[in-house]
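In: I would like to see how this sequence folds:
(2 chains)
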Protein chains: 2
Amino acid sequence: MDKRFNLCLIGFGNASRAFCKILLDHHESVKKITGHDVRVTAIAARSKGSLIDKDGINLENVLSRIEKHQKIHETESTDLDTLSLIEQSGADVMIEMSSLSIKDGQPAISHIEKAFDLGMHVVTANKGPIAWKYKALKKIADDKNLQFLYETTVMDGTPVFNLVRFTLPGCRVKSFKGILNSTTNFVIEEMEKGNDYESAIKQAQLEGFAEADPTLDIDGWDAAAKTTALANVLLGGDLTPLDIDRTGIGHITATDVNNALKDNKKIKLICEGGFKNGQVVGKVSPQLVEQSTLFATIDATSSLVSITTDLMGEVIIIEKNPEIQQTGYGIYSDLLTLLNGLHN
Amino acid sequence: MDKRFNLCLIGFGNASRAFCKILLDHHESVKKITGHDVRVTAIAARSKGSLIDKDGINLENVLSRIEKHQKIHETESTDLDTLSLIEQSGADVMIEMSSLSIKDGQPAISHIEKAFDLGMHVVTANKGPIAWKYKALKKIADDKNLQFLYETTVMDGTPVFNLVRFTLPGCRVKSFKGILNSTTNFVIEEMEKGNDYESAIKQAQLEGFAEADPTLDIDGWDAAAKTTALANVLLGGDLTPLDIDRTGIGHITATDVNNALKDNKKIKLICEGGFKNGQVVGKVSPQLVEQSTLFATIDATSSLVSITTDLMGEVIIIEKNPEIQQTGYGIYSDLLTLLNGLHN
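Out: So this is what the prediction gives:
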C-alpha cells in the first residue's frame, strides 16, 4: 500500500507550474521508486485564487485554467489567507514559491515558520528565507526532526548545497566564488556586443529572467542574497544580505566594457564568500577576468560556483543556460531528496 | 559502543597512502559522525610486502617505513598472495587500489569477486573493473546486498557518479562529454607553448601524472577506460574499452597545434558517450574547440565532465588541477558514503 504524501504549494508562478508538470509526468514513477503517492492538496495562487482539495487537486485541470488566464478554479476557490491555507491543507510538506521580497524575506519566512509549527517539512525555492533567517529556521527544523530543503535558491536545479552535503562528505568548505546573477551577466555581455544598457535590460525582461524592476539585479541585491545563502549554509554563517560588501554594475559604462575587451578581459559580477579573522564574510563586486579563463566563458544566463574545501581542493559546478524547466526540476529534486530521507 | 569497521587495502601506492593519511587525521571525527571505529587490518603492498593485523595496523608506523623505502613491516610481513590476504583479513570492506591493467582489468576484477564472495563491501579506485566488468560486478553486489563504490575512477575525488546518484534524483542521463586525461591535455598545452612532445612527456612523468609508458595515455586508452566507466554506470551500458571509437593524439604535430591556435582554436582530447539507435556508444577523439569556450579553459591536469539529462538539461563539473591528495580523498569519500549507507 503506497503512503499518501500531500503537498501544499505557496505560489503558482512559472516555477511552481513547471514543477507541477514534472510531477504530473512522473507521479507513477515516484510512487514506484519511493513508495509514496504524492498529491497536491493545496495551492495558493495569489490573484488567481486558492484551492484546497484533500483528495488531491487535479493538476492538469488547474494548469490548463491558468494557461487560459482563468482563476485557479471556477467555483471552489477559497478566500483563505496563506497562513490559514497552510493550516487547513493537511499537507506533509509546504513548498514555498511565493514572490521574493529581497529586502526582508517576508512573508515567506512566516509561511515556513507556520509549516514547521504544524509539523510539516519545508522545501523553499524562495531564497529570501535562506538569506534572511537560515540559521534560526534550520534550528527549528532540526529540533522538530523535520526536513528543510532549498536547493533551487541559488542555481535552480543544479546542485550546490546537495553537492557539498552528499558528494563531498567529510569536507569543510573554506571559501566559494561564483557568477550567480543572470541579468547582470547578460547585460554586460550585450554591452560587449555593442548594444546599450536599456535595450539589454528590455531583452532580459522579454526572455523572462529580469524582473520588471531590474534594480535589484543591477544593484547586486539578488547576487548578495545568493551569496548570503551560500555563506550561511556552506560556511555556517549567520549573515543577511545587508552584511555583504555589495557593489552592483550600475556605474559600469560602455567605455569600461570596451576597455576591458581591448585588454583581453571581461567584466563579471563576482560573488565571493570565505573567512576573515575567523568571521564569515561575503562580497559582491564587478571584477575583471582574463578572457582565456573559465569565469569569462560563463555566458548569458549560465552560472558557476567554485567551492574550495580542506580535503578536496577546488571543485566547480556550472549550470548551462537554464530555462524555467530547470527551476521546476530543482523543486522536484528536493521533493525526491525529502522522500528518500524519510525514515518511517 | 562504536562498531568496529575493518579495511583491507590492496595496493599501497601514492593514492593508497594519501588515503591512509586522511584516515589517520580523521579517525576520531569519523567515529563521532558515523559511529564506526575504522581500522585497517590488512595491506597488500606488492614488493614492499603484506601485513595482517586484526587489531588494526599502526598506519603511522607503516607510512613512515614506506617513506624510508623500507618493507612494510620489519618482521611480520606475510607471504600471502593477494586473494588469500583478502580472505584472511576479516575486513568489512576491501579497497582495490592495485596497479591498473588497462587491457583487461585484472587482477583487480578477481580481487573484487573474491571480496564479494566473502561478503565484503568494495571500494575501487582502480578503473579497470568498472571499464571491463561493471555490469556483472554490480549485479553480484546487488544480489548480495553489498555496496560497490568507485567514485575515484574517473575524476579522483570530484563527484561524477555521486553527482548523478545523489544530487540529480529522478534524472535520466542522455549523454556526457568531457576532458578526462591529464597527460594528453598537458602535452598538447606544452606544444601550444612551443615545447616539444618528448620534453612535455618527460615533464608529465616528473610531475607524477604520466606513466613510465605514456602510450596508454597518448593512444587514448586511459580516456577510453574512463569513457567506458561513465557509459556503463551513467548510461547503463555494458561496454569495454574495446567498444570505444578511439583515436589518440599520437599523430598530432606541432603544426596542427599551431594552425589551431592561429584559428583561435585549441585541440582537446574529448571523451563522449550517448545513445545511437538505442545502443550505448562511446568515443574518444582529438577535437578542435573555440578558444573562447569552456572546454578550451580546461588546463593542465584539470578535468571536466558535462552531463546532459532529460529533466535538468546540462550540468558541468570541473576538477581544478588535482594532486594525489584528491585521489586519497576520493577513496575516503567512498568510505564515508559506504558508512552512511549502512542500515544496521
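
In: quick one: the helices in chain A?
Out: Using DSSP state H, the helices of chain A run over A:14-34, A:59-67, A:82-88, A:108-117, A:128-143, A:152-155, A:161-167, A:182-192, A:197-206, A:215-218, A:221-234, A:254-262, A:324-340.

In: can you redo those helices as TSV with mean pLDDT, mean neighbour count and distance to residue B:26?
Out: For glycine as for every other residue, the C-beta is placed from the backbone atoms N, C-alpha and C. Conversion of those to TSV gives the following (pLDDT from 0 to 100; neighbours: other Cβ atoms under 10 Å in any protein chain shown; distance: least, Cβ to Cβ, whole Å):
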stretch	mean pLDDT	mean neighbour count	distance to residue B:26
helix A:14-34	95	18	33
helix A:59-67	94	15	47
helix A:82-88	95	19	42
helix A:108-117	98	22	33
helix A:128-143	97	19	24
helix A:152-155	96	27	28
helix A:161-167	97	21	17
helix A:182-192	95	22	39
helix A:197-206	88	15	46
helix A:215-218	92	20	42
helix A:221-234	97	27	19
helix A:254-262	96	14	44
helix A:324-340	97	24	26
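
In: So which of those is nearest residue B:40?
Out: Proximity to residue B:40 (Cβ to Cβ) singles out helix A:161-167 among the helices of chain A, at 24.3 Å.

In: what packs against that closest one?
Out: Applying 3 or more Cβ pairs under 8 Å, 6 or more residues apart in numbering or on different chains; DSSP states H and E, one finds that helix A:161-167 contacts helix A:221-234, helix B:161-167.

In: Now it - C-alpha only, PDB.
Out: The C-alpha trace of helix A:161-167 is given here as PDB (Å, rounded to 0.1, in the frame of the first residue of the first chain):
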ATOM      1  CA  PHE A 161      24.000  22.600  -1.400                       C
ATOM      2  CA  ASN A 162      23.500  18.900  -2.200                       C
ATOM      3  CA  LEU A 163      26.900  18.800  -3.900                       C
ATOM      4  CA  VAL A 164      28.500  19.600  -0.600                       C
ATOM      5  CA  ARG A 165      26.100  17.600   1.600                       C
ATOM      6  CA  PHE A 166      26.000  14.400  -0.400                       C
ATOM      7  CA  THR A 167      29.100  14.200  -2.600                       C
END
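
In: Report pLDDT for residue A:343.
Out: Looking at residue A:343, its pLDDT stands at 65.

In: Can you lay out the helices and strands packed on helix A:161-167 as TSV showing distance to residue A:59?
Out: Output for these, formatted as TSV (distance: least, Cβ to Cβ, whole Å):
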stretch	distance to residue A:59
helix A:221-234	29
helix B:161-167	26
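
In: so which of those gets nearest residue A:27?
Out: Counting by Cβ to Cβ, residue A:27 lies closest to helix B:161-167 out of the helices and strands packed on helix A:161-167; the figure is 22.2 Å.

In: From residue A:249, how far out is residue A:199?
Out: 16 Å (Cβ to Cβ, to the nearest Å).

In: wait, I meant residue A:169
Out: For residue A:169, the distance to residue A:249 (Cβ to Cβ) stands at 37 Å.

In: These two: who's more crowded?
Out: Counted by other Cβ atoms under 10 Å in any protein chain shown, residue A:169 and residue A:249 do not tie: residue A:249 has more neighbours, with 26 against 22.

In: wait, isn't the more buried one in contact with residue A:186?
Out: No: contact criterion Cβ atoms under 8 Å: residue A:249 and residue A:186 do not qualify, at 11.0 Å.

In: hmm, back to that, any chance of the helices of chain A in TSV, with distance to residue B:42 too?
Out: Below are the helices of chain A laid out as TSV (distance: least, Cβ to Cβ, whole Å):
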stretch	distance to residue B:42
helix A:14-34	38
helix A:59-67	56
helix A:82-88	56
helix A:108-117	48
helix A:128-143	39
helix A:152-155	43
helix A:161-167	28
helix A:182-192	53
helix A:197-206	60
helix A:215-218	58
helix A:221-234	37
helix A:254-262	58
helix A:324-340	34
